[in-house]
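>>> Next one to model:
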Amino acid sequence: MAGHADDYESVIKTTKSEDVAKFAAHRKGALSKLQHALHVNPALVPLFVLLASIAVFGLLLGSKFFSPFALTLILQQVQIVGIVAAAQSLVVLTAGIDLSVGAIMVLSSVVMGQFTFRYGLPVEVAIALGLVCGMICGYINGWLIAVMKLPPFIVTLGMWQIVLATNFLYSSNETIRAQDIEANAPLLQVFATKFNVGGAVFTVGVVFMVVLMLFLSYVLKQTAWGRHVYAVGDDPEAAQLSGVNVKGVLISVYVISGLICAFAGWALIGRIGSVSPTSGQLANIESITAVVIGGISLFGGRGSILGALFGALIVGVFTLGLRLAGADAQWTFLLIGALIIGAVAVDQWIRKVSA
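Numbering: from 1, shown residues only. Sure thing, here's the model as predicted:
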């Protein structure tokens with residue numbers, strides 16, 4: 001009888017342990033599915049936040065917010081940040097950071113303006129030289145980081161100061177007025193060209209931002225270079241052993257980032273109408289904000305560049321929504337700061353689950 005009792009107890013214990021094991025596996029499976037969904041579609045979280053914020057402000061403000069004019073105004077306001085955020089996203093995906101994007105953007109715009117008005121070059125040539133200027137700045141960043149093995153934060157912090165000083169010294173802190181540009185070089189303002197679609201007002205700059213994001217998203221997902229960018233950001237040593245030219249990828253990323261910043265400088269001229277060496281000073285911080293809120297991991301190797309677009313739009317929605325609601329501007333900074341911390345917390349949570 002004692003033997004039967006022992007067998008019975010062992011069966012009960014086994015059954016209980018199996019039930020616990022099945023429950024634990026079920027719980028783990030649910031978390032794994034969520035983690036996998038966020039890994040495969042890293043833009044899901046910022047997209048949800050964007051849609052939720054639009055819905056909330058729409059309910060609170062009604063037609064004042066839910067109008068074609070207001071919604072397209074958000075796009076116009078974030079076009080510069082969105083373009084620069086595309087450049088920043090490429091760098092962050094390689095586990096780097098670029099604090100010089102704003103300065104490169106402004107210097108490129110100044111070069112375009114000065115070569116047109118000070119030296120009398122055709123505006124097409126001046127624009128091309130401005131784009132080359134951005135690429136050169138990006139190449140210097142990439143070479144120092146990839147070849148000299150210097151930390152991206154230190155390199156781009158130093159480049160930010162150098163480019164900023166060069167910008168003021170070269171331009172003599174002079175602004176080229178909008179009237180002069182309109183009369184003599186309207187091509188510099190082409191990104192400000194507007195057109196109507198069903199009552200909504202779009203600009204060439206907005207279209208460029210969206211097309212750029214979609215193009216880079218395709219390149220990162222569908223090309224070998226894009227896969228190499230993710231591989232370098234995830235584990236550069238492993239990527240090197242797999243045959244990836246890590247130095248070449250890093251340099252190319254910073255060169256392309258500099259080129260995109262130069263395009264942002266061209267778009268900036270259209271946005272503000274003039275060529276001003278003092279404009280766009282916060283573009284570096286704003287681009288990092290859009291990238292972080294957009295769910296791109298600061299540790300590199302994970303994220304979607306469309307998330308950066310959603311991040312920029314979230315900032316635009318909060319800014320316009322609170323302004324229309326008559327709230328103090330400081331509430332925008334408070335909420336955006338909370339979103340930044342929340343985005344990093346979500347990223348860390350995903351990493352713990354996947355570990």
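>>> can you map out the helices along the stretch 1-150 of the chain?
Per DSSP state H, counting those that start in this stretch, the stretch 1-150 of the chain carries helices over the ranges 2-40, 44-61, 68-93, 101-117, 123-146.
>>> and residue 197, what are its phi and psi?
phi -130, psi 100 (degrees, to the nearest 10).
>>> and residue 303, what helix or strand is that in?
Using DSSP states H and E, residue 303 maps to neither a helix nor a strand.
>>> any idea how far residue 91 is from it?
Distance of residue 303 to residue 91, given as CB to CB, to the nearest Å: 12 Å. From N, CA and C alone the C-beta is placed, and that goes for glycine too.
>>> Looking at those two, which is more packed in?
Applying other CB atoms under 10 Å to residue 303 and residue 91 shows that residue 91 carries more neighbours, namely 30 against 27.
>>> what sits against the closest residue in space to the more buried one that isn't next to it in sequence?
Nearest residue to residue 91, sequence neighbours excluded (CB to CB, 6 or more residues apart in numbering): residue 98, at 4.5 Å. The contact partners of residue 98, taken as CB atoms under 8 Å, 6 or more residues apart in numbering, are 87-88, 91, 141, 152, 156, 254, 257, 284.
>>> Pull up the gap between residue 98 and residue 251, please.
Residue 98 is 13 Å from residue 251, where distance means CB to CB.
>>> and what of residue 170?
From residue 170 to residue 251 the distance is 25 Å (CB to CB).
>>> what about the two, which has more around it?
Legend: neighbour count by other CB under 10 Å for residue 170 and residue 251, higher for residue 251 (21 against 15).
>>> The more buried one contacts residue 139, correct?
Yes - counting by CB atoms under 8 Å, residue 251 does reach residue 139; the two are 6.6 Å apart.
>>> what's the angle from the strand or helix carrying residue 318 to helix 68-93?
Element membership for residue 318, per DSSP H and E: helix 305-324. Interaxial angle of helix 305-324 relative to helix 68-93 (axes from the mean of the first three to the mean of the last three CA atoms, to 10 degrees): 140 degrees.
>>> Same question for helix 305-324: list its buried residues.
Applying a neighbour-count criterion of 16 or more other CB atoms under 10 Å, one finds 305-322 buried in helix 305-324.
>>> At which residues are the strands of the stretch 101-250 of the chain located?
Taking DSSP state E, counting those that start in this stretch to define them, one finds strands in the stretch 101-250 of the chain at 194-197, 200-203.
>>> Check those strands for me and report the most buried one.
The highest mean neighbour count among these, using mean count of other CB atoms under 10 Å, belongs to strand 200-203: a mean of 17.
>>> If you count contacts, what does that one end up packed against?
For strand 200-203, the elements it packs on are helix 68-93, strand 194-197, judged by 3 or more CB pairs under 8 Å, 6 or more residues apart in numbering; DSSP states H and E.
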